[in-house]
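[1] fold the following for me, if possible:
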Amino acid sequence: MRIINLIENTKGNEECLYEHGLSFYIETPKHKIIVDMGATDKFIYNSEKLGVNLEDVDMCVLSHGHYDHSGGILGLYEVNKNACLLMNNLAGEDYYHVYYDENGNYVSERYIGIDKRILNLPNVRMIESDITLDEEISVFTGVKGRRLWPKGNLALKVKKNNVFYQDEFEHEQYLVIKEGNNSVLVSGCAHNGILNILDRYKEIYDEYPNYVISGFHMMNKSGYSVEDIEIIKETANELKKLGIKFFTGHCTGEIPFEIMKEIMGERICYVHSGEYFEL
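    Numbering: from 1, shown residues only. Take a look at the predicted model:
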């Protein structure tokens, strides 16, 4: 299985662009898959540099309904009108980042949802529950746990009838790829918490995956509190017990990654824009 990081927040391959966004190309014996499509169409430029022919892609998966994972979808459609786009049926709702002052008073808001034109593309397939597409590919949702739930989620809201509600990330979905004895779990940001996602995986498949490709939504531009650091360390200690190899980046943040790396060692790897690996 060949996996290429087409776009990520940090510079990797010198010939490739980078941005606050995420996109992976995954090639299996039966499929050529794009998981998430960045904040813009920069991943298309990188695809050309990396020798990925987007016209050959047969499946695209949107992990959740945020702009930094969906921004390149319309650009990709101009290149490839045939690939099926799998997205959760709630991914098109109105998602916002809401900013508050130190007293908890509203300051401003920023729309972070998808471009609504995506919903009218003819190749969209809305996913409402767990599905198995073939012997290689399945998708699951329905993560309800809140163990070490990322605190950064608290500012992320869904607007309904002009009222903000806490985003519970029901629009997040997870790709599972099975090839031989290997199983790979692919998540975008793991807003629901990577431990809760893995709990749900084990509930469905009665085992853990061999590999996980996911951000951990631990990045905090305003700095890290003692509680934040403890959550990062506790998460890393729990993940270390599972015997899984993790490939991460994007919303994990470089400081949280270094803390996790110290605990998890070779069990965790940061994948930068334009870098690739094989499983």
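
[2] bridge partners for Tyr95, pull those for me.
    Beta-bridge partners for Tyr95, by DSSP bridges, are Val158.

[3] give the contact list for it.
    Listed by Cβ atoms under 8 Å, 6 or more residues apart in numbering, the contact set of Tyr95 reads Gly65, His66, Tyr111, Ile112, Gly113, Leu156, Lys157, Val158, Lys159, Asp167, His171. Every C-beta, even on glycine, is put in place using the N, C-alpha and C of the backbone.

[4] roughly how far does it sit from Tyr67?
    Computed as Cβ to Cβ, to the nearest Å, the Tyr95 to Tyr67 distance reads 9 Å.

[5] quick one: common contacting residues for those two?
    Common neighbours of Tyr95 and Tyr67 (criterion: Cβ under 8 Å, 6+ apart): Tyr111, Ile112, Gly113.

[6] what sits closest to the residue nearest to the spatial centre of the chain if chain neighbours are left out?
    Centroid check for the chain by Cα atoms, centre = their mean gives Gly188 as the closest residue, at 0.5 Å. Using Cβ to Cβ, 6 or more residues apart in numbering and skipping residues adjacent in sequence, the residue nearest Gly188 is Ser63, 2.8 Å away.

[7] rewinding a little: what sits against the residue nearest to the centre of the chain?
    Neighbour list for Gly188: Leu22, Val35, Asp36, Ser63, His64, His66, His69, Glu172, Ser214, Gly215, His250 [criterion: Cβ under 8 Å, 6+ apart].

[8] ok, now with 7 Å
    Applying Cβ atoms under 7 Å, 6 or more residues apart in numbering, we find Gly188 in contact with Leu22, Asp36, Ser63, His64, His69, Gly215.

[9] for the last one, what are phi and psi?
    With angles defined as degrees, to the nearest 10, Gly215 sits at phi -80, psi 160.

[10] residues near it, how many?
    Other residues near Gly215 number 26, with proximity taken as other Cβ atoms under 10 Å.

[11] pLDDT at it, what is it?
    We note a pLDDT of 97 for Gly215 in this prediction.

[12] 16 is where my numbering starts, stick with that
    Got it, the first residue is 16 from now on, which makes the last one we talked about Gly230.

[13] I'd guessed it sits against His265; true?
    Yes: if you go by Cβ atoms under 7 Å, Gly230 and His265 touch, sitting 4.0 Å apart.

[14] list residues touching both of these two?
    Common neighbours of Gly230 and His265, counting by Cβ under 7 Å, 6+ apart, are Leu37, Cys204.

[15] which of the three states applies to Glu277?
    helix (DSSP: H, G, I helix; E, B strand; the rest coil).

[16] and for this structure, the residue most distant from the center?
    When distances are taken from the C-alpha mean of the chain, Asn118 lies farthest, 31.4 Å away, according to Cα atoms, centre = their mean.

[17] quick one: pLDDT of it?
    At Asn118, pLDDT is 89.

[18] same check, this time on Gly238
    The model reports Gly238 with a pLDDT of 88.

[19] related to what we said a few turns ago, so what's the residue nearest to Gly203 up against?
    Contact analysis of Ser78 by Cβ under 7 Å, 6+ apart lists Val50, Asp51, His84, Glu187, Gln188, Ser202, Gly203.

[20] for the longest helix along the chain, C-alpha coordinates in PDB please.
    Secondary structure of the chain per DSSP state H: the longest helix is helix 241-255. Below are the C-alpha coordinates for helix 241-255, written out as PDB (Å, rounded to 0.1, in the frame of the first residue of the first chain):
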ATOM      1  CA  VAL A 241      -0.800  22.300  32.300                       C
ATOM      2  CA  GLU A 242      -4.000  20.500  31.600                       C
ATOM      3  CA  ASP A 243      -3.300  20.500  27.900                       C
ATOM      4  CA  ILE A 244       0.100  18.900  28.400                       C
ATOM      5  CA  GLU A 245      -1.400  16.300  30.700                       C
ATOM      6  CA  ILE A 246      -4.000  15.400  28.100                       C
ATOM      7  CA  ILE A 247      -1.300  15.000  25.500                       C
ATOM      8  CA  LYS A 248       0.800  12.900  27.700                       C
ATOM      9  CA  GLU A 249      -2.100  10.700  28.900                       C
ATOM     10  CA  THR A 250      -3.200  10.200  25.300                       C
ATOM     11  CA  ALA A 251       0.300   9.200  24.200                       C
ATOM     12  CA  ASN A 252       0.600   6.700  27.100                       C
ATOM     13  CA  GLU A 253      -2.700   5.100  26.200                       C
ATOM     14  CA  LEU A 254      -1.800   4.900  22.500                       C
ATOM     15  CA  LYS A 255       1.600   3.400  23.300                       C
END
